[in-house]
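Dropping a prediction and its sequence here:
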Amino acid sequence: MENQERFIFEDLRVYRRALDFSLQLIKVAIVLPREYGRIRDQVIGAASSIPLNLAEGSGRVTEKDKKNFYRMARASAFELVPLLDILYEFQFVDKALREQFRKEVVEISKILATLMR
């Protein structure tokens, strides 16, 4: 994005991290078999909701509104925990990848908790 204006959220470390994380998860989800469409949609929705809520929250004027969107982003991160377990149990991700994703959920959640303070 050379010579283009940037939005405030694009400078947030957690936004970039959440975006990268969501893209990795979406790549896993989009190849799920058709009969797992509900799980696929849940993973894509929760994963994409994290950076989307960060972006929307950063555009809010009051701290209360910002915190609300950061809270929603964190709730979406929490939603991914059981979804990762489901992906693992159905062997769509191996143990190492599940643990890598879970570790990233923990880290993103911690950063979001700090933003909410």
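Perfect, thanks for sending it. Everything numeric in this text was worked out from a predicted model, so none of it was measured.

Tell me where the longest helix sits in this protein.
Assignment by DSSP state H gives helix 63-89 as the longest helix of the chain.

Any regions of the protein where pLDDT drops low?
Across the chain, the ranges flagged by pLDDT under 70 are 1-3.

how about the helices in it?
Under DSSP H, the chain gives helices at 13-29, 37-58, 63-89, 95-116.

which helices and strands does the last one pack with?
The criterion is 3 or more Cβ pairs under 8 Å, 6 or more residues apart in numbering; DSSP states H and E, and the helices and strands that helix 95-116 contacts are helix 13-29, helix 63-89. C-beta here means a position set from N, CA and C on the backbone, and glycine is covered the same way.

Pull out the buried residues from it.
98, 101, 104-105, 108-109, 111-112, 115-116 (16 or more other Cβ atoms under 10 Å).

Residue 23 and residue 104: what is the separation?
Distance, residue 23 to residue 104, by Cβ to Cβ, to the nearest Å: 12 Å.
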